[in-house]
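Participant: Here you go, sequence then predicted model.
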Number of protein chains: 2
Amino acid sequence: MYVEVFVISKMLWYFAKGVSCQVNSCEVKRTAESLVVTVQVSPEAGFVVVTESFCSDTAVSRKMDPRHDQRGAPCSSPVCVHNPHLEALEDDILYHFSLGTGTHDLPAMFGDVKFVCVGGSPWRMKAFIEYIAAELTMEDPKSEYPNICAGTDRYAMYKIGPILSVSHGMGIPSIAIMLHELIKLLHHAHCTDVTIIRIGTSGGIGLEPGTVVVTKQSVDATFLPKFEQVILAKTVVRNTDLDPSLAEELLQCSKELNQFETVIGNTMCTLDFYEGQARLDGAFCSYTEKDKQEYLNKASEAGVCNIEMESSVFAAMCKLSGLRAAVVCVTLLDRLKGDQMSSSHDILHSYQQRPQTLVGHYIKKQLKSKAGCSFK
Amino acid sequence: MYVEVFVISKMLWYFAKGVSCQVNSCEVKRTAESLVVTVQVSPEAGFVVVTESFCSDTAVSRKMDPRHDQRGAPCSSPVCVHNPHLEALEDDILYHFSLGTGTHDLPAMFGDVKFVCVGGSPWRMKAFIEYIAAELTMEDPKSEYPNICAGTDRYAMYKIGPILSVSHGMGIPSIAIMLHELIKLLHHAHCTDVTIIRIGTSGGIGLEPGTVVVTKQSVDATFLPKFEQVILAKTVVRNTDLDPSLAEELLQCSKELNQFETVIGNTMCTLDFYEGQARLDGAFCSYTEKDKQEYLNKASEAGVCNIEMESSVFAAMCKLSGLRAAVVCVTLLDRLKGDQMSSSHDILHSYQQRPQTLVGHYIKKQLKSKAGCSFK
């Protein structure tokens, strides 16, 4: 009933950390296209056999898209799906985007996408596309950008040139639905070399409010760098590593901008905003101020700089699909000093601009640099 | 690290189900206002000591609101918060509603609320308030209903008379944030005898698409009726029972309407729409059609009629706060026959009307019946 799987790298990591567990059997089979790992861990402690199958990205990509080899620059990196069943679908309906392969020409609409920015709020993602359009002077900054997902109110999506801006709502399940459909969309559109950045808000730990945190590792509520995905009632543990070089490039951009403080640190990702983040101001609270401070101090000792609600599944899914990914969140308050968002509307609004300013600068720099190397 | 707590009733339930666990100590302390249960379960199996404190609803309600005893009808049931820290807050900012006790007169705005309907989509919740206004001929059905949460795009909220309609986005974390702030809002507004109903969409198991399911019990991906809340890195298991008499009343309403099939059954609540619901059409899928069918058949054998993503935390939080609660979801497809939402837009739209038609009929009937007994 309570199940955990240790895939190879994570098993070593757990052993290194001294977490007690007993591996009864571990079998690795390599086929032409897959690496199948079967691990049986401590069944007497409630663990059971689970099989995780990892297809080779290149193999799957070729299998899923026979046209791929004829497309794109040499050594370009595709957006990978890991699902042999998609081949059998005549029309893949991306339900929560109100888009589909049978109703929309996805390669024509999205084939040129190189940067995807995602964030919780639909308003903020519309503001981002307006901001980046003005920054890049790609279009009249006063023009209207239509919501590509206008047929639904689940998510909002905007595009200008190679930049896509998509909202994802709040929490792991909401962003996971969006990412499943976004990864399929980018795959169906034959996109290559895509960088994806989540721009968001968060609670800081021991940082001046307004500080921007670029995530090094996304950790769970026990400060471990993992995301647990339940599949057929079994829990599979996924890696939450983000791209370290992209994080460093973003930090460098902040230095160039010199407008606000930016740090690289761990981000704790929780399933709840109130009890799940040790807040004292929810409808329910069974712990004391002292308990809260002890918990947040432990988080701080584990390298946690900020807390939000989407980074773990974002990191896990982007890694699986071969997307270069970063998480850039501003801290709206210092959780060691309080729980309520009591700063003025104007101050909170100005803080929320910071991730988009930083990511806008990064994209501009990348496009300029690529233009110098005959980009596109 | 992997922790579970068995609070008294759940412990008995687990033992009855034959789940193996060893209780090393269990201590119950009763104070004037609280029941504190400390349980130490099988630490060698990874479980640790956890304390769950349950305050008596009435005691807390009185403590939180000294005016309560002077308000409301005799024997009326308040909306309970369980958080002694709220007393110390001068201004309680309901951040994701863009409302607060310091900026809004919540009793004047919401004190008359008796029915709250919640659903994922902001459009659908606006359509619901327009529908119910027309049904009750309470106002000109062509008039505009302003979004009370217009200062944010996280949630949308509409009100007419004693009926509040609130969107909650997708997934457990998103609805949990909304419910924390809604429960505080209803508490601050001194509401009594509130009924709350989630109207939503779902995937059915072995049911004709368009069937409406009124949830008996919300179960997790292992078919167990529980919600796991992580608090200070420890997992607390909460009850997901819904009000059985309310479910029966809703079923009776469907019989009176005689427009569509309605059943009472268990609802599986998952953290993911694709891999978490055994879909074959996500970006990632490591299992076969046969694995999927076996899993859904097991769910069916456990009494699961439909699958959605919010009912477990909804049931748990409503129960803790003393709200009479129901979940009414239409099935958009039969998951035994497919995964994609391939019905026409018009058919899907007509299915989505059904929960609001049913709940509208229920509210109308209740208001008529209460009017007969000098309601308000």
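Facilitator: Yes, it's here.
Participant: Pass me the low-pLDDT residue ranges in chain A, would you?
Facilitator: Within chain A, the ranges that satisfy pLDDT under 70 run A:1-75, A:139-142, A:373-376.
Participant: roughly how far apart are the residue nearest the centre of it and A:Asp153?
Facilitator: By C-alpha atoms, centre = their mean, chain A has its centre lying nearest to A:Phe314, at 2.4 Å. Using C-beta to C-beta, to the nearest Å, A:Phe314 is found at 22 Å from A:Asp153. From N, CA and C alone the C-beta is placed, and that goes for glycine too.
Participant: Need the phi and psi values for the closest residue in space to A:Asp91 that isn't next to it in sequence.
Facilitator: Leaving aside its sequence neighbours, A:Asp91 sits nearest to A:Gly102 (C-beta to C-beta, 6 or more residues apart in numbering or on different chains; 3.1 Å). Main-chain dihedrals, A:Gly102, degrees, to the nearest 10: phi -80, psi -20.
Participant: ditto for A:Gln277
Facilitator: According to degrees, to the nearest 10, A:Gln277 has phi -120, psi 20.
Participant: how about the residues of the stretch 251-376 of chain A near chain B?
Facilitator: A:270-276, A:278, A:280-287, A:289, A:291-292, A:295, A:298, A:309, A:317, A:320-321, A:340-342 (C-beta under 8 Å from any C-beta of the partner chain).
Participant: Swap in 6 Å and give it another go.
Facilitator: Proximity of the stretch 251-376 of chain A to chain B is confined to A:271-276, A:278, A:280, A:282-287, A:295, A:309, A:340-341 under the rule C-beta under 6 Å from any C-beta of the partner chain.
Participant: my guess is the residue nearest to the centre of chain A meets A:Ile199, correct?
Facilitator: No. Using C-beta atoms under 6 Å, A:Phe314 is not in contact with A:Ile199; the gap is 11.4 Å.
Participant: Wait, the residue nearest to A:Asp91 touches A:Leu89, no?
Facilitator: No. The pair A:Gly102 and A:Leu89 does not pass the contact test of C-beta under 6 Å, sitting 9.3 Å apart.
Participant: So which of these two has more stuff around it?
Facilitator: With neighbours defined as other C-beta atoms under 10 Å in any protein chain shown, A:Gly102 and A:Leu89 compare such that A:Leu89 has more, 18 against 10.
Participant: what's the closest non-adjacent residue to the more buried one?
Facilitator: Counting by C-beta to C-beta, 6+ apart, the residue nearest A:Leu89 is B:Asp281, at 6.4 Å.
Participant: same question, A:Asn297
Facilitator: Nearest residue to A:Asn297, sequence neighbours excluded (C-beta to C-beta, 6+ apart): A:Leu336, at 8.0 Å.
Participant: and that neighbour, how many neighbours?
Facilitator: 15.
Participant: How much space separates the residue nearest to A:Asp91 from B:Thr201?
Facilitator: 22 Å.
Participant: Then A:Asp241?
Facilitator: Distance, A:Asp241 to B:Thr201, by C-beta to C-beta: 35 Å.
Participant: Those two: which has the busier surroundings?
Facilitator: B:Thr201 (21 against 16).
Participant: SS state for the more buried one?
Facilitator: What DSSP: H, G, I helix; E, B strand; the rest coil gives for B:Thr201 is strand.
Participant: for it, what are its contacts?
Facilitator: Taking C-beta atoms under 6 Å, 6 or more residues apart in numbering or on different chains, we find B:Thr201 in contact with B:Val330, B:Leu332.
Participant: Is it bridged to anything, and to what?
Facilitator: Here B:Thr201 sits in beta bridges with B:Val330, going by DSSP bridges.
Participant: Not counting its neighbours along the chain, what's nearest A:Ser350?
Facilitator: Nearest to A:Ser350 is A:Gly210, by C-beta to C-beta, 6+ apart, at 7.8 Å.
Participant: In this structure that neighbour contacts A:Gln353, no?
Facilitator: No. Counting by C-beta under 6 Å, A:Gly210 stays clear of A:Gln353, with 10.2 Å between them.
Participant: Spell out the secondary structure type for A:Arg279.
Facilitator: Per three-state DSSP, A:Arg279 ends up coil.
Participant: give me the element A:Ala108 is part of.
Facilitator: Under the criterion of DSSP states H and E, A:Ala108 resides in helix A:106-110.
Participant: So which residues on the stretch 101-250 of chain A come close to chain B?
Facilitator: So the stretch 101-250 of chain A meets chain B at A:121-123, A:153, A:169-171, A:173-174, A:176-177, A:180, A:183-184, A:221-222, A:230-233 (C-beta under 6 Å from any C-beta).
Participant: host element of A:Cys117?
Facilitator: strand A:115-119.
Participant: From the rest of the structure, what touches that strand?
Facilitator: By C-beta under 6 Å, 6+ apart, strand A:115-119 touches A:125, A:128, A:163-166, A:168, A:195-200, A:363.
Participant: quick one: whichever strand or helix holds A:Thr215 to chain centroid distance?
Facilitator: A:Thr215 belongs to strand A:212-219 when elements are defined using DSSP H and E. With C-alpha atoms, centre = their mean, to the nearest Å as the basis, strand A:212-219 stands 11 Å off its chain's centre.
Participant: One more: stretch A:299-318?
Facilitator: Distance of stretch A:299-318 from the chain centroid (C-alpha atoms, centre = their mean) equals 10 Å.
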